[in-house]
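Visitor: Mind looking at a prediction? Sequence and model below.
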Amino acid sequence: MSNSQTNYRIDDIDRRIIHALMADARNTSAPMIAEQVNVSPGTIRNRIKQLEEHGIVSGYHANVDFERAEDKLTYLYVCTAPPQELETLARDVRNIRGVVNVRELMTGSGNLHVLAVGETTADFKRIMRSLSELEIELVDKNLVQNELFEPYAQYGGDDEAPAWEPTDFLRLAGGTDIVEVTVGEAAPIVDLSLAEAADRGVLDEDALVVAIERDGRVLTPRGETVVLQDDVVTLVSRGGEPEEVIDAFHTSTSKTV
């Protein structure tokens, strides 16, 4: 795994995007996801692009019932390959005619799973010969009856989450917190500049706004920067409780101007 695939920290917005794409990528648009997570469609498009660039989302695949399409059958071959050659052999197996999916496992017997589609016994015998020619040991084979998919439930929305729940939270040594929050409708800070929010006591004095994500762009905030609804704001806080720090950014806050 390359560094580009490990240096991106996903937050709750990313998790909700992944959940929606896993559920139905074809019929899910950026505006639909944006409505669910209360950010702009531009932010959703930018997040999807980042997830793809970092290898977290690597593709969108159609699930095909080959038996209904052309009366073809799907076989699963459970194989064992030398661990040191597993990655190379997996690439070679993908080139075998009829193979539609190859899965590498970390260790042990049966560390290579091959899914193949064929119409006749001769098709599957040919695939078995091709595996044997690559010196891959066949452990078992079976006809696939059905395959079901489900989005990862923990990436879905939590209707019982507290109102102050941030989209990301990271506690550093020394009592410093990094908090990410989406600006809610009618939140006290909406349409105020950061300087105005600080002067009026709307923004917690221990909180420093370090980034604002808006319509797919990341802004470097200054005193005159105005906070808008659906902005994704990153704050650095020293010593405050998370719910107090993000109070100004949430609709149900009790603070008044």
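Guide: Yep, that arrived. Numbering: from 1, shown residues only.

Visitor: Give me the mean pLDDT for stretch 18-25.
Guide: Averaging pLDDT along stretch 18-25 yields 95.

Visitor: again, but for stretch 151-167
Guide: For stretch 151-167, the mean confidence score works out to 75.

Visitor: Stretch 117-126 too?
Guide: 95.

Visitor: buried ones in it?
Guide: Neighbour-count burial for stretch 117-126, counted by 16 or more other C-beta atoms under 10 Å, picks out 117-118, 123-124, 126. C-beta coordinates here come from the backbone N, C-alpha and C atoms, glycine included.

Visitor: Take these and keep only those in strands.
Guide: Among those, the members falling in strands are 117-118 (criterion: DSSP state E).

Visitor: For the buried residues of stretch 117-126, give me JSON lines that also has distance to Arg68.
Guide: Shown next, in JSON lines, are those (distance: C-beta to C-beta, whole Å):
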{"residue": "Val117", "distance to Arg68": "12"}
{"residue": "Gly118", "distance to Arg68": "15"}
{"residue": "Asp123", "distance to Arg68": "18"}
{"residue": "Phe124", "distance to Arg68": "19"}
{"residue": "Arg126", "distance to Arg68": "23"}
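
Visitor: May I have stretch 66-78 exported as PDB, CA atoms only?
Guide: The C-alpha trace of stretch 66-78 is given here as PDB (Å, rounded to 0.1, in the frame of the first residue of the first chain):
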ATOM      1  CA  PHE A  66     -24.800 -14.400 -15.700                       C
ATOM      2  CA  GLU A  67     -27.300 -17.300 -15.500                       C
ATOM      3  CA  ARG A  68     -30.200 -14.900 -16.200                       C
ATOM      4  CA  ALA A  69     -28.200 -13.100 -18.900                       C
ATOM      5  CA  GLU A  70     -27.100 -16.100 -21.000                       C
ATOM      6  CA  ASP A  71     -27.600 -19.200 -18.900                       C
ATOM      7  CA  LYS A  72     -24.000 -19.200 -17.900                       C
ATOM      8  CA  LEU A  73     -22.700 -20.600 -14.600                       C
ATOM      9  CA  THR A  74     -20.300 -19.000 -12.000                       C
ATOM     10  CA  TYR A  75     -17.700 -21.100 -10.200                       C
ATOM     11  CA  LEU A  76     -15.600 -20.300  -7.200                       C
ATOM     12  CA  TYR A  77     -12.100 -21.900  -7.200                       C
ATOM     13  CA  VAL A  78     -10.400 -22.000  -3.800                       C
END
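
Visitor: which residues sit against that stretch?
Guide: Stretch 66-78 is contacted from outside by 100, 110, 112-119, 124, 127-128, 131, 138-144, using C-beta atoms under 8 Å, 6 or more residues apart in numbering.

Visitor: please redo it, this time with the cut-off set to 10 Å
Guide: With C-beta atoms under 10 Å, 6 or more residues apart in numbering as the test, stretch 66-78 has contacts from 64-65, 93, 98-103, 105, 109-121, 123-124, 127-128, 131, 136-147.
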